[in-house]
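Visitor: need a 3D model of the sequence below.
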Amino acid sequence: MAIADVIFKRMCRDIIDNGISSEGQLVRPKWEDGTPAHTIKKFGVVNRYDLRKEFPALTLRPTPYRGALDEILWIYQKKSNNINDLGSHIWDQWADEKGSIGKAYGYQVGNRYIHHTTDAEGVKEIDNIHTEYPSAAWSIAHGGKYCVYLDQIDGVIWDLKHNPFSRRIITNLYNFDDLVDMALYPCAYSMTFNVTTESGYDKPILNLLLNQRSQDTLAANNWNVVQYAMLLAIIAQCVDMIPGELLHVIADCHIYDRHIPIVEELLTRKEHNAPKLWINTDKKDFYDFTVDDIHLLNYEYEPQIKGIPIAV
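Guide: Numbers count the residues shown, from 1 in each chain. Have a look, this model is predicted:
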């Protein structure tokens, strides 16, 4: 059976049996009929998935991995906050009349910051950065030094190539100054990359810690797991590393009240073997990847659940 199924079943069983209900509390989300959408939750859920063992896609029901990849590329590759750049309609209810979700997700990824400083002798290095990373720009500041500006994802790729054992390779989408201008606060908001060398492997191992403030377990858990597992695999290939562990930390891991019967039925289903990840090994540049460059092979699963109600 797939390890992702085992983790999902254990997590859901623990939430339902030992979680805390929000009944009696004032809650923000509502169902379409205006009824408050209450949850039962566990605080501080931590799940580990090792991509060297298998790809963490559920088989209890299918995860639409192409749509999941399209969204993750929309955020980190296109750096977009406009649904017109997205291939699905999952963000439609949060977008304004122009298609914008405000200063969220891709907007934050695209924010440039001072990533690298050098003296005049390092100008050639700056020029190389400028040609290799689309977001790169430079100016003179800080006592006459040259400052290179990169956005968050270009900064990650630069560090993994040039300073891979740094403990500071982090992205953060939770910008307090811009929260008021976001249609929805970021749920999965921070990534920390960590590189190890291990015996038996001829390349470094790239690991990823994903922080998530809140998660609708039924609707989004494996969607997010699959997204960031694919992102880890893509970035690992771009920096000539092996994708290793995805550590998923969820602060408020909850199941909505109207989802509990659906989850209970899901937990009775049989599991299948995990699918195999196929990635186009010809692609080495992060900005060259498309949804056609990743496939899940031999992906067997139980029937899809249709019409899951979504609280807004």
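
Visitor: measure Glu23 to Arg13 for me?
Guide: The gap separating Glu23 from Arg13 is 20 Å, by C-beta to C-beta, to the nearest Å. All C-beta atoms are positioned from the backbone trio N, CA, C, and that covers glycine.

Visitor: ok, Asp96 - contacts?
Guide: Asp96 is in contact with Gly102, Ala183, counting by C-beta atoms under 8 Å, 6 or more residues apart in numbering.

Visitor: could you pull up phi and psi at it?
Guide: As for Asp96, its main-chain torsions (degrees, to the nearest 10) stand at phi -90, psi -170.

Visitor: quick one: it from Val109, how far?
Guide: The span separating Asp96 from Val109 equals 20 Å under the rule C-beta to C-beta.

Visitor: same thing with Leu179?
Guide: When C-beta to C-beta is applied, the distance between Leu179 and Val109 equals 16 Å.

Visitor: neighbour count winner among these two?
Guide: Residue environment comparison for Leu179 versus Val109 gives the larger neighbour count to Val109, 22 against 13, counting by other C-beta atoms under 10 Å.

Visitor: show me where the stretch 1-150 of the chain has strands.
Guide: When assigned using DSSP state E, counting those that start in this stretch, the strands of the stretch 1-150 of the chain occupy the ranges 20-21, 39-50, 113-118, 137-141, 145-150.

Visitor: closest to Leu73 out of those strands?
Guide: Closest to Leu73 of those is strand 145-150 (C-beta to C-beta; 18.7 Å).

Visitor: and the helix or strand just after the closest one, average pLDDT?
Guide: Going down the chain from strand 145-150, the next helix or strand is helix 152-162, by DSSP states H and E. For helix 152-162, mean pLDDT rounds to 95.

Visitor: repeat for stretch 80-97
Guide: Mean pLDDT, taken over the full extent of stretch 80-97, equals 94.

Visitor: what comes up buried for it?
Guide: Residues of stretch 80-97 classed as buried: Ser80, Asn81, Asn82, Ile83, Leu86, Ile90, Trp91, Ala95 (neighbour count, 16 or more other C-beta atoms under 10 Å).

Visitor: same check on stretch 194-203?
Guide: Going through stretch 194-203 with 16+ other C-beta under 10 Å, the ones that come out buried are Asn194, Val195.

Visitor: that one spans what distance, first to last residue?
Guide: The stretch stretch 194-203 measures 14 Å between its terminal residues, going by C-alpha to C-alpha, to the nearest Å.

Visitor: any chance you could list what contacts that stretch?
Guide: Looking at stretch 194-203 with C-beta under 8 Å, 6+ apart, the contacting residues turn out to be 160, 164-165, 167, 169, 204-209, 240-242, 244.

Visitor: in helices only, show me those residues.
Guide: Mapping the contacts of stretch 194-203 onto helices (DSSP state H) picks out Leu160.

Visitor: among the contacts of stretch 194-203, who's most crowded?
Guide: Neighbours here mean other C-beta under 10 Å. Within the contacts of stretch 194-203, the largest count is held by Leu206, at 26 neighbours.

Visitor: I'd like to know how far Pro243 sits from Ile279.
Guide: Taking C-beta to C-beta as the measure, Pro243 falls 9 Å from Ile279.

Visitor: residues shared between the contacts of the two?
Guide: Ala233.

Visitor: of those two, give the one with the bigger neighbour count.
Guide: The neighbour comparison of Pro243 against Ile279 (other C-beta under 10 Å) goes to Pro243, with 24 against 16.

Visitor: residues in contact with that one?
Guide: Pro243 is in contact with Leu51, Arg52, Ile205, Leu206, Ala229, Leu232, Ala233, Ala236, counting by C-beta under 8 Å, 6+ apart.

Visitor: buried ones among those residues?
Guide: Burial of those was assessed by neighbour count (16+ other C-beta under 10 Å); the buried members are Leu51, Ile205, Leu206, Ala229, Leu232, Ala233, Ala236.

Visitor: save the residues you listed as TSV, and put in pLDDT too.
Guide: Formatted as TSV, the entries for these read as follows, by pLDDT from 0 to 100:
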residue	pLDDT
Leu51	98
Ile205	98
Leu206	98
Ala229	98
Leu232	98
Ala233	98
Ala236	98
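
Visitor: next, check the residues you listed against the strands and list the overlap.
Guide: The strands in this structure, assigned by DSSP state E, contain Ile205, Leu206 from the buried ones among the contacts of Pro243.

Visitor: what about the buried ones among the contacts of Pro243, which are in helices?
Guide: With helices defined by DSSP H, the entries of those inside them are Ala229, Leu232, Ala233, Ala236.

Visitor: kindly export stretch 256-275 (C-alpha atoms) in CSV.
Guide: Presented in CSV, the C-alpha positions along stretch 256-275 are these (Å, rounded to 0.1, in the frame of the first residue of the first chain):
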residue,chain,number,x,y,z
TYR,A,256,-15.1,20.3,8.4
ASP,A,257,-18.3,19.1,10.0
ARG,A,258,-19.9,18.3,6.7
HIS,A,259,-16.8,16.4,5.6
ILE,A,260,-16.7,13.9,8.4
PRO,A,261,-19.1,11.4,6.8
ILE,A,262,-17.1,11.6,3.5
VAL,A,263,-13.8,11.1,5.4
GLU,A,264,-15.3,8.1,7.3
GLU,A,265,-16.2,6.4,4.0
LEU,A,266,-12.8,7.3,2.5
LEU,A,267,-11.1,5.5,5.4
THR,A,268,-12.9,2.2,4.6
ARG,A,269,-11.4,2.1,1.1
LYS,A,270,-8.6,-0.2,0.0
GLU,A,271,-5.2,1.1,-0.9
HIS,A,272,-3.1,0.6,-4.0
ASN,A,273,0.6,0.7,-4.6
ALA,A,274,2.1,4.2,-4.9
PRO,A,275,2.6,5.6,-8.4
